[in-house]
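Novice: what would the 3D arrangement of this be:
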Amino acid sequence: MSLGTLINIVSTESDESSEDVLTCLNKIIDEFGTNPFNDDDIKKEVSNVGVLLCEKLYSEGLLQVSFSYSCNDLDEETESLSHNCKYCGELLHESIQYHDVTRTYKFSRITYNEILKYNSILKENKYFMPELYRNYDNLVNEIDSVVPFLGSGISMPFNLPNWEGLLRGLEEFLSEEFHKKYYNELISEGSYFEAFDLLLDKSVNISNEDQLKDEIVQVISQANMNIADDEHNISDLIKLNSHYYISTNYDLIFEHYLTSEDGYNTPVCMDEIGNLRNMSTTGNKVIHLHGHINRKSSMVVTKKDYSKLYSKKGILVQLAAILGNKSLLFIGFSFKDKFFNDIYDTLVNILKTHHYLVLFNPSLQEIRELNKKNIKVIGLRVNDGDYIDAIRTLINFVVRENN
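Specialist: Residues are numbered from 1 along each chain as shown. As a prediction, the model looks like this:
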């Protein structure tokens with residue numbers, strides 16, 4: 001009997017939905033893993049339907065069961081109640097009223113992994129777009145030569161704004177309504193650097209780049225690092241075990257998690273790349289294209305900064321040398337904004353390969369247009385706003401299929 005059929009049977013007999021039964025099974029797996037547990041544990045930590053579920057799993061050979069009993073204050077264990085009591089000699093199942101019997105369950109490692117895989121396939125069917133299966137498979141096959149490129153969407157779970165949110169939060173520094181209107185029009189069309197330039201030109205509070213960077217640093221410094229692992233995707237991305245991660249983010253959240261994984265990780269800016277040709281041996285894994293808050297002078301915040309940075313042919317050549325012929329996996333970006341398009345057009349000139357872009361609910365027209373630019377869309381269907389779980393499902397798929 002398949003696990004899906006078993007869940008449906010328990011659903012019918014318990015009058016619980018199949019989704020609730022699956023949730024119950026996952027609670028048991030999360031709570032106990034391959035450790036032993038008993039009926040009281042299930043009732044206390046899960047629900048009464050969990051007892052029925054375990055009985056069905058046992059009957060199908062998916063759950064190991066042993067029994068412990070007491071007889072005259074003496075304790076013993078047995079694999080079956082059809083055995084005789086060690087002390088009084090009575091058949092246990094016929095004299096159960098005279099023996100205090102406790103049933104103990106345990107998942108084998110094989111069954112445990114089967115349940116995890118079953119859950120993974122359900123989630124993949126939920127989030128993956130059938131018309132893009134070839135792209136998912138290609139990503140798996142090429143993952144060893146793919147470099148994750150992280151946008152602001154990755155940092156948003158830590159209570160940080162994306163580029164648009166950051167700019168809209170600075171609108172208060174414009175006093176004239178017509179300036180605010182034009183400012184928001186620039187933001188809406190994705191002209192982020194032009195919006196920063198307008199802020200510098202028209203604000204009475206922010207009159208130079210240093211003051212603008214101070215305001216940005218103040219916002220980014222408010223990142224909430226006290227969130228659970230299931231509320232973000234940083235730990236998932238680390239599972240890809242990439243030699244490098246590239247980011248346009250100013251924050252140092254990724255380094256924070258890498259430090260606990262691999263030891264000290266110094267953030268690297270574009271102008272430092274030339275001294276780090278052997279980055280893989282130095283522990284430096286994250287390249288901040290537009291600087292970071294611990295080195296304010298490195299932060300790219302205006303169109304002038306952007307043009308100056310990418311006009312340095314030597315820096316781009318060094319970046320190309322490190323990346324070689326690798327493809328990029330863009331996560332946390334929207335290809336609809338001008339900012340991303342500018343970055344992509346710049347990088348694609350030095351990286352003559354195809355690239356991957358994770359998008360939520362892309363239309364077929366968007367997929368076709370991006371494919372013309374050598375961008376393979378990794379589309380994820382998200383109907384309930386569960387973006388983090390969708391990305392986690394994708395990464396787990398890539399890791400599992402690559403092993």
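Novice: please make it C-alpha for all contacts and neighbour counts, starting now.
Specialist: OK.
Novice: longest single strand anywhere in the protein?
Specialist: Across the chain, the longest stretch assigned as strand under DSSP state E is strand 64-71.
Novice: any stretches of the stretch 151-300 of the chain with poor pLDDT?
Specialist: By pLDDT under 70, the low-scoring segments of the stretch 151-300 of the chain are 261-265, 273-284.
Novice: center of the protein, which residue is that?
Specialist: Asn233 (2.7 Å; C-alpha atoms, centre = their mean).
Novice: hmm, it is touching Leu394, no?
Specialist: No: between Asn233 and Leu394 no contact is recorded; they are 10.8 Å apart, counting by C-alpha atoms under 8 Å.
Novice: other residues contacting the longest strand of the chain?
Specialist: Taking contacts as C-alpha atoms under 8 Å, 6 or more residues apart in numbering, the residues outside strand 64-71 that touch it are 58, 75-81, 85, 87-88, 98-108.
Novice: with stretch 241-260 instead?
Specialist: Contact partners of stretch 241-260, identified using C-alpha under 8 Å, 6+ apart, comprise 144, 146-152, 155, 220-221, 234-235, 238, 264-267, 280, 284-293, 299.
Novice: report the buried residues of that stretch.
Specialist: In terms of neighbour count (16 or more other C-alpha atoms under 10 Å), stretch 241-260 has its buried residues at 242-258.
Novice: for stretch 129-137, same thing?
Specialist: Buried positions in stretch 129-137, judged by neighbour count with 16+ other C-alpha under 10 Å: 129, 135-136.
Novice: quick one: end-to-end distance for that stretch.
Specialist: End-to-end distance of stretch 129-137 (C-alpha to C-alpha, to the nearest Å): 12 Å.
Novice: same check, this time on stretch 69-89
Specialist: 13 Å.
Novice: distance from that stretch to the middle of the chain?
Specialist: 49 Å (C-alpha atoms, centre = their mean, to the nearest Å).
Novice: average pLDDT for that stretch?
Specialist: With pLDDT averaged residue by residue, stretch 69-89 scores 79.
Novice: likewise for stretch 388-400?
Specialist: For stretch 388-400, the per-residue pLDDT averages 94.
Novice: show me which residues of it are buried.
Specialist: If you call a residue buried by 16+ other C-alpha under 10 Å, then stretch 388-400 has these buried ones: 388-399.
Novice: can I get it in CSV, CA atoms only?
Specialist: Coordinates of each C-alpha in stretch 388-400 appear next as CSV, following Å, rounded to 0.1, in the frame of the first residue of the first chain:
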residue,chain,number,x,y,z
ILE,A,388,10.1,30.8,1.6
ASP,A,389,8.8,27.2,1.5
ALA,A,390,8.7,27.3,-2.3
ILE,A,391,12.4,28.3,-2.5
ARG,A,392,13.3,25.7,0.1
THR,A,393,11.5,23.0,-1.9
LEU,A,394,13.5,24.0,-5.0
ILE,A,395,16.8,23.9,-3.2
ASN,A,396,16.0,20.6,-1.5
PHE,A,397,15.1,19.2,-4.9
VAL,A,398,18.4,20.3,-6.4
VAL,A,399,20.4,19.0,-3.5
ARG,A,400,18.6,15.6,-3.4
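Novice: many thanks, I have nothing further to ask.
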